[in-house]
Each structure stands twice: as structure tokens, then as C-alpha cells.
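**Q** I'll drop the sequence and a predicted model, then ask my questions.
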Amino acid sequence: MLKYISKRLLRSFLTLFIIMSITFILMRQMPIEGYFQNYDKLSEAQIQNGIRMLGLDKPMPVQLFNFYKNLLKGDLGMSLRYRNNVPVTEILAPKIPVSVRLGVMAILLALILGLPLGTLMARYKGKLPDHLGTAFIVFIQAVPAAVYYLFLQLYGTELLGLGLLFDPDKWTAWILPVFSMSLGNIAYYAMWLRRFMVDQSTKDYVQLAKIKGVSGSKLMFRHIFRNAFVPMVQYLPATFLNTVIGSIYIESLYSIPGMGGLLVDVIKKQDNTMVQGIVLLFATVGVIGLVLGDLLMVVLDPRISFGAKRGNR
Amino acid sequence: MALYRKKAEKLQDSINESILKRMPDSEAFSFAGFDEQEVERSGYSNYSYWRSTLHMFLKNKVAVFLTLIVFLILLFTFIQPYLPNQIDPFLVNNDPKTGLPFRNVKPNDVFWLGTNSIGQDLWANLWSGTRTSLFIGISVACIEAFVGIVVGVLWGYVRKLDFLLTELYNVMDNIPTTIVLILVSYILKPGIYTIILALCLQGWIGMALFIRNQIIIIRDREYNLASRCLGTRTYKIIQKNLIPYLISVIMLRMALTIPAAIGSEVFITYIGLGLPATIPSLGNLINVGRQLMMSPDLRYQLIYPTIILSIVTVSFYVIGNAFSDAADPKNHI
Amino acid sequence: MAKKTILSVKDLNVKFNLRGKILHAIRDVSIDVYKGESLAIVGESGCGKSVLNKNFIGMLDVNGFVESGEILYFGLNGTEAPGQAVDLAKFKKERDWLKIRGKEICMILQDPMTSLNPLKTIGSQIAEAIRLHQNLKGAELKKAVIKTLEDVGIEDAKRRCRQYPHEFSGGMRQRVVIAIAIACKPKILICDEPTTALDVTIQAQILGLLKELKSKLDLTIIFITHDLGVVANIADRVAVMYAGEFVEIGMCEEVFYDPRHPYTWALLSSLPQLGVKGKELYSIKGAPPNLFKHIEGDAFAVRNPKALKIDFIEKPPFFDITPTHKARTWLLDKRAPKVEPPEYIRNIRCGKEKRG
């Protein structure tokens, strides 16, 4: 088991390393304008000076090596266009807690609403709750998030009597962003939980439990729900990814001072180092999500023993 | 038909009765003889995979209706420019009296859905945009399917490639799609082909893995081994045991890729990396509409594109799922 | 000895609704099950053995329904109907069935590999059954779990009850499944092909265990099987089923040594043990009839090389051969021509006479 976990971690490090290297190399292919505050007004000598200062004149492997050396020291470089000569980490630091808070709330809300929805749909399979739930899932999955986020903002703010702008001290201001962000995950959880519960409910062991006299609701929770939840864990990482994408939209729509909104801003300002820093951060979150999903699976399912010991036959 | 059958049954009953009456015991208790062909007929089934699939699909009325809608929308995006009284989507319409452009004109006889903020006809833009978005979606789906199938076949058949591609898959599968999308769009020049490239960059590998697994199954699954032992030729196994399942999953993936790609275009346009504003697309139209949505008078500029977008994406999603349900032999009876 | 009926099925008709078509799975079935006996129900796949038994514990698939007939259960000694019969065919609600399932009638499924919850320990799955029906808690419950495991022949029960199903082999798992079933303390135990998924050496062990438990716990066992070897090993009485109805019912000896229905002949003839060396093994031609259609006359007639004309026209009634043995074939009618059973069957008889 330990072997599996270390292998899994090693692979994700490798993945991150590849993503980072490719991102870094691609970023160096950008026009050099992206590395200067006001490129047009600078003289040729100033530009050359700047390139030398940033180390852009060195061969690529050296640049890459320096990048990793700095990364280990926790240095992601300087922002050049978004805010001139401020370390990227310094800009990001206050934004991270905001995004994390938003993301965690959205995931929790999705679990609180999505799991009961899925259970309800499985319990009343083929009946009205199932059909309504399916319609909701189809809508959320098929219609691009941008569209329903917009309409939620449009009519939600009118309904709640809120201004368009986000105010972190007013708790009502959190309702719409968190709810919008959780919608995708609610549909996702409900869909998979329903599918797995329906799968499980036809299994022999459920039949046997029923035969031995376990009643409906106990059967649903003790046997079906738990066994359906384990394969679902595999799909939890996607939650992280959905939340990352959601945060890019939502934070920018509501002007929430988080990383997602920041990404849209720095893209518009073409600040290469900032884009690079945020992309790396998001990629890390995504990869960590995947690893967590796999590890959780190991904890929950006794069958995964990775050849450590086999049954006494 | 039912009436006819009832009649036939009645007739049979009366014949039976009369036989029993007329037939003396000696005859009734004589041997009936044995017809070997008749025996085998009792177990005969006239099952056909594609017929059952089609039958099941046609039974799903919603999916059939949406298929029709998608087909009509697709057709209409092509014939719309040739209809009478259409306005060029790129033309900035000026008021002949004042010489100023018609900005944000409400829907009327000339501009069926009104005009946008620089005076272009929204109706024409809407269809032109739908055409662009559908083009992106369908291209991505086709390219992904093509590359995925080619790589998947190589992956499955060439054993030397297996290790390399499996490792590649493990890495690529871990990269968040959105990150690839943003990165590629940021680095390359904005345009339709950039978006298509960005969207295709990752999707093919999922398809390839699927095809590879299927090919390995041809080699190893018991029923295929059994077929082979009975002397069935490989192409026949592929045709009978593999293709039906393969095609249904490929169709499902393609059908779901289209709405996802259209949605991604909207997303990438929103964060400012999408198509240039000069190319109408559903993403651009929605982005323009979003900026105006707070004034209720102009909200129509957001609502019309979102309606079309929602119809298209929901339709593809539902059709894909309905088809895959219909193609699943477990649902055939 | 007067036999006490514990379960009585009368003219039962069960149908399934499959996408608008009606499948008539159980056709006018009547049988009495006596207390303490072991009854084997034999037949080809799809003849309705399992469907019939699922009716006894309310596990019929949702698209199936009892159209007519009664299933009288005499074992219930609760407050509502002491000593009286309850008609299981009238049960509709989950709550009704909870009185029967486990406590009165329990069932063992065919595949031990899938009938245990993979995420719960063996101990907790047995404990669940005990808690439901015996009201034990804490240390007592734990003791009962270990005792039950020991009863079904699992060694080192203390350690093993903390293990998960995937740590057990097929035969061991079937023992666990049996442990769960007997932990409910049922009066009737239905075994749905309990040994089909196991290899031959294990089969014998499991059958031995069931025999032992039957006498120890005073169980009534209904065996569902297509394996005649199992039947000979364990059954007191045999009922042969074909296309949703019984064609021959009798004591084990009677059915094996003096079968009367052509289908029973065919079934016995296809036993490899009875084949003659150097001769091709007998096999029944064709497939069972389509139950979507109305069956005219004797259902087996089409596949019976020696069918009479009347077999195609009218359904034969049951003819009594002895008080315990009856068969549903026109061959037993006094007007019928004399038909000798096939060679294999005559061989069994001779063998018996020689031995007897």
C-alpha cells in the first residue's frame, strides 16, 4: 500500500514537473512585450538591459534551471505589467484565502445538496423525483456554466436586493457566488451517486441483505449508499477542477478578490509571469485533487490491497 | 392487426375443439411423429443489433424531436444568408436620415432581433455565430475521434508503444483541461483554429485509451476467444463483436464533445482569450450581451444567443445519451 | 408419520410484464412442502424454478406479479395468526414481508462471490442478521457471531470474523452466506443452486454442511438445482419443473428409479454418469418453449420424439402412480399406447433391482 501511495505521489510530481516546464518554455516564446511595463516608450538600450536583467538572453535550459531554483525558494518571479516589480507571491498571498474559502464552501454546499438529491433519485427511480432530478442534471451539464451563472447573477441580485459588487463582510453577498459555483458539482454528485446506487441495488449482496430481513431505509443507507459512495470517490477530484473553473468565472463576474478573477485580469493585461504563476497554482490544485481522490479510495475500499496480502485460499 | 390475430386464434380454438371431438381416442393417443426442424424453431430468435438500436432510439420521443431540431438549426445556419431580406452580419447599418448607425435598435420589421451596440443586425449575427460555434464543436468532435481512433489502434496493436503511450496518458490525464485551454489560447494568436487546437489537444487521449482497451479486449475476452476457436475470422469478430459497441461509444463521446466545445468557446471568450470580436460566435454574442445585461431594455441581446446556445447544447447532450442507451444491448428486448 | 404441511402453493400463476408483452412464467403450479423435509426442484435454466421460489419471500422482480393462486404459509406463530395460514401471495407491502424474510424463510443465492457486501467485515454482516432476529447486543452478539461461524465449519472464527469477503475463497464464502442465513433462524431455507458456482470437491462439503445443519436446526430445505447429482445426494422429494409447471413430483427414489414423464426421462438420460461408454451422450433437442406465447397441450410435446397427437391438443392432468408419486403425461392414461422408457432409464431400474 505504501508502495502504491509513493508511486502515485511520484507520478503526480512528474506530471507537475512536466506541466511547469512546458508552461515555462511556452511562456518564453511569447513576444517580449509581455515582459515590460510600457514597451512602446522604452529605448532599445533599456529593452536590452531589461532582457539581461530578467535572464531572458540565457539559453533555455539555464533559464529553466534558474526558474526551478527560485521556485524551491518560493519565488515565482516579479509581476511586470499587472503591478510593476512586485513579487508574484506577494500579489497572490492575500488572494488565496479568499478563493479557498469560496471553494470549500461551494464543495460543502454541493455535498449537502448533491448527495441527498442522488439518493432521492435512486430511491424513486423512474418516478417524478428521478425525472425532475434528471432534467436538472441535463440542464446543468449541457448548458455552459457561463450562461446560467449570468442569469443567476442577473435575477439573483434583483431578488436578494444586492448590488452587483461583492462585499466580503456581508454574508448575503456570499450566497449567489457559492450557490452558482456549487451547481455544477451538485449535478455531478447527484448523477454519479444515482448511477452507482442503481447499479449496487441490483447486486446479489443487496438481495441477500433484503432476504435476511433488512428493511428498506436501512438497506439504502448501510449497504447501498456506502457501496455506491466508494466508486464515487474516484470522481471527487473533478470537483476540484470544476471549482477551479467555476472560480475563474465567478470571481471575475462578482469581482471577488480571489485568484480566479485575478487570472482574467492578468490575461487582459498580458502579464506573462503572473499568468505563469496562477496557471501553476491551478495545475497544482488540480493534480492534488486527483491524488487525494485516489488516496481516499485506498482508505475506503478494503479490496484495494495492492498485492500486499492475498486471501487465504 | 390485433383484430386479425384474435380472429385467427378463435379459428384455431374451434378447429382444435372439432378435432378433439371428431378424433377418436385411438387417433388422439397415437404418435404424432417428430419434426426435428420444428423443435429447433422454438428457440429461434430474429434479433438484429442495429434494428433494435434504431427501434429503441425512435421510442425516445424527446431525443427524436431534438434530433430534428438540431438538424433544422444546422440546415438553417446554411440557408439563412440566402433567404430574402437578410442583412449582412458584418454590415454596420446607418440611419439614412441622420447618417448615424442604428445602435441598439429594438426588434422591428427590418432588424428582426434588433441591432447591437455598433448597429449590426442581431438576427444575422446570431445565425452566423451559431454557424461558427457549431463548426468549432463538430470539428473538435471529428478531429478528436479521428486522432483518438488512429492512436488507439496503434496503441492497442503495437506492443512496443504501449508503455510509452500509457505513461503519456497518465501524465496528460492529470493535467486540468481548463489550464491547457487557457495556456494555448494565451500563447497563440486568437482565432477559430487556435480554439479548435486548444480544445483538441487533450480530448483525443481519452478516446485513444478507450479504443486501445477495446482492441485488447478483442484479443482477450472469452467470447472472442471462443469465436476464434470456432474458426471465425478476425474481421468477422471485429464486425460482429466489436464495431457495434465501439460505434455506440464513439458516437456518445462525439455527441458530448460538441456541447462541451461550444461551452468552452463561451468560457474562453469570456476570459478574453477567445475569438476576435470581428468573428461572430455564440461566445462573442453572449459576451457582448453580458456587458449590456444590467439595462433591462437591452437584455434581449443576451437572451437570444443564450436560447439558441442552450437548445443546441442540451439537444446534443440528450441525443448522445439517448443513442448510447439505445445502443446498449442490455436495454434491447 | 403424519406429515405437517408448512407451505402450500395452490394454482399459482405468475406473469411478467416485459415492455408491453406478457410472459407467463409460472403456470398453474400447486405443491405442498412438508415440515422438516428437503424438497428439490429440478429443471432446465429458465423453467421458472427461481421465479417460483422468489415468490415465497417477496423478491420477485418489479415487473413480475402474481396473477392468481395462493401461497399458504403455516409456520407463522406470531400474535396475529397463531397456527393459522397466511397467504403470501396477497402480501404487497415491504412491511408484510419483513415478518417473513429471514425469520421464517431465508434464501441462499447461487454465487457466493457476489452475495456478500465487499465493504463490510464478515462478522458485521452476520451480526446484522443476528441483531435483526435475536435481539442480542454487545459481547453476547459477538459471541453469537463466532458461534455461528464455527457452526458452519470456519476455523479460527475469532480472527476471520474481522476479515473482509475478498479474503475468503469461494467455498468459504458460501459457508459465510449459510452462516448469515442460519443466523436468522429461519424455518424454511431455500437454496438457489448453492453449489453451481463451486468446484466439485467443495460442492460435497457444502452439501454435507447443509445436511448436518438441517437435522441440527430442524430446517425445511427447498433446493433449486439443475444438478441431478445434488438431488440424489440430499433430497427427500423431487419435483421436476418444465416451462413454468411441474411435470412430475415424487419421492427421490420414485423419480430416479421409476420416472414416468418423458421430460424426466430425457433429463435423466442426459446425465453423463448414466451414459454408455462409446455411445454419444443423450441430449434433449431444441430449447424450452417461448413463454410469451400461449402453450397448447403438453409443453414438452414439441421436443418429445414420442409425443402423442393429444399432447399437442390438450394439457394432460396429473396421474397418481403411488400416493406420493404423480406425473403429468398422457402416457399414464389407460387409452395410451404402451411406451417403454428409453434404454438408459431401463438401465437404472435394472441396476436398482440388482443392487436391491
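**A** It's in.
**Q** what ranges do the helices span in chain B?
**A** Ranges of helices in chain B, per DSSP state H, are B:2-22, B:25-28, B:36-41, B:49-59, B:61-79, B:122-157, B:159-174, B:177-187, B:192-220, B:222-229, B:234-237, B:243-270, B:282-292, B:300-327.
**Q** Then chain A?
**A** So, for chain A - with DSSP H - the helices run A:2-28, A:44-54, A:60-72, A:88-92, A:95-123, A:128-142, A:145-160, A:172-201, A:204-211, A:216-218, A:226-233, A:236-253, A:259-269, A:272-300.
**Q** can I get those helices in TSV with mean neighbour count?
**A** (Glycine included, C-beta is placed from N, CA and C.) Compiled in TSV, these are given as follows (neighbours: other CB atoms under 10 Å in any protein chain shown):
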stretch	mean neighbour count
helix A:2-28	15
helix A:44-54	12
helix A:60-72	13
helix A:88-92	18
helix A:95-123	19
helix A:128-142	16
helix A:145-160	18
helix A:172-201	21
helix A:204-211	22
helix A:216-218	12
helix A:226-233	19
helix A:236-253	23
helix A:259-269	21
helix A:272-300	20
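**Q** Can you give me the neighbour number for residue 219?
**A** Defaulting to chain A. For A:L219, the neighbour count with other CB atoms under 10 Å in any protein chain shown is 16.
**Q** oops, I was thinking of chain C
**A** Count around C:L219 with other CB under 10 Å applied: 21.
**Q** for C:L308, phi and psi?
**A** phi -90, psi 160 (degrees, to the nearest 10).
**Q** Could you pull up the residues touching it?
**A** C:L308 is in contact with B:28-32, C:301, C:330-331, C:336-337, counting by CB atoms under 8 Å, 6 or more residues apart in numbering or on different chains.
**Q** who are the neighbours in contact with residue 56?
**A** Since you didn't name a chain, this refers to chain A. Taking CB under 8 Å, 6+ apart, we find A:L56 in contact with A:28, A:32, A:35, A:63.
**Q** nope, chain C please
**A** With contacts defined as CB under 8 Å, 6+ apart, C:F56 is in contact with C:7, C:71, C:73, C:88, C:105, C:188, C:190.
**Q** Secondary structure and pLDDT added to those residues, as TSV?
**A** TSV is the format used below for those (DSSP: H, G, I helix; E, B strand; the rest coil; pLDDT from 0 to 100):
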residue	secondary structure	pLDDT
C:L7	strand	90
C:I71	strand	91
C:Y73	strand	89
C:L88	helix	85
C:I105	strand	91
C:I188	strand	92
C:I190	strand	93
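**Q** still on that earlier bit, format the helices of chain A as CSV; extra columns: mean pLDDT and distance to chain C.
**A** Listed next are the helices of chain A as CSV, based on pLDDT from 0 to 100; distance: least, CB to the nearest CB, whole Å:
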stretch, mean pLDDT, distance to chain C
helix A:2-28, 82, 16
helix A:44-54, 78, 55
helix A:60-72, 85, 41
helix A:88-92, 87, 41
helix A:95-123, 90, 13
helix A:128-142, 91, 14
helix A:145-160, 84, 34
helix A:172-201, 88, 10
helix A:204-211, 88, 4
helix A:216-218, 81, 5
helix A:226-233, 84, 6
helix A:236-253, 78, 17
helix A:259-269, 83, 37
helix A:272-300, 81, 8
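**Q** Wondering if stretch A:60-80 reaches chain B at all.
**A** No. Counting by CB under 8 Å from any CB of the partner chain, chain B has no neighbours in stretch A:60-80; the shortest distance is 15.3 Å.
**Q** what about that stretch, distance to the chain center?
**A** 25 Å (CA atoms, centre = their mean, to the nearest Å).
**Q** how about that stretch as PDB, C-alpha atoms only?
**A** Listed next in PDB are the C-alpha coordinates belonging to stretch A:60-80 (Å, rounded to 0.1, in the frame of the first residue of the first chain):
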ATOM      1  CA  MET A  60      16.600  27.800 -22.300                       C
ATOM      2  CA  PRO A  61      18.000  25.100 -20.000                       C
ATOM      3  CA  VAL A  62      19.700  27.700 -17.900                       C
ATOM      4  CA  GLN A  63      16.600  29.700 -17.600                       C
ATOM      5  CA  LEU A  64      14.600  26.600 -16.700                       C
ATOM      6  CA  PHE A  65      17.200  25.700 -14.100                       C
ATOM      7  CA  ASN A  66      17.000  29.200 -12.500                       C
ATOM      8  CA  PHE A  67      13.300  29.000 -12.500                       C
ATOM      9  CA  TYR A  68      13.200  25.800 -10.500                       C
ATOM     10  CA  LYS A  69      16.000  27.100  -8.200                       C
ATOM     11  CA  ASN A  70      13.800  30.100  -7.500                       C
ATOM     12  CA  LEU A  71      10.700  28.000  -7.200                       C
ATOM     13  CA  LEU A  72      12.300  26.000  -4.400                       C
ATOM     14  CA  LYS A  73      13.000  29.200  -2.600                       C
ATOM     15  CA  GLY A  74       9.300  30.100  -3.000                       C
ATOM     16  CA  ASP A  75      10.000  32.800  -5.600                       C
ATOM     17  CA  LEU A  76       7.700  32.900  -8.600                       C
ATOM     18  CA  GLY A  77       9.300  36.000 -10.200                       C
ATOM     19  CA  MET A  78       8.100  39.500 -10.400                       C
ATOM     20  CA  SER A  79       4.900  40.900 -11.800                       C
ATOM     21  CA  LEU A  80       5.800  43.300 -14.600                       C
END
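**Q** Fine by me, thanks again.
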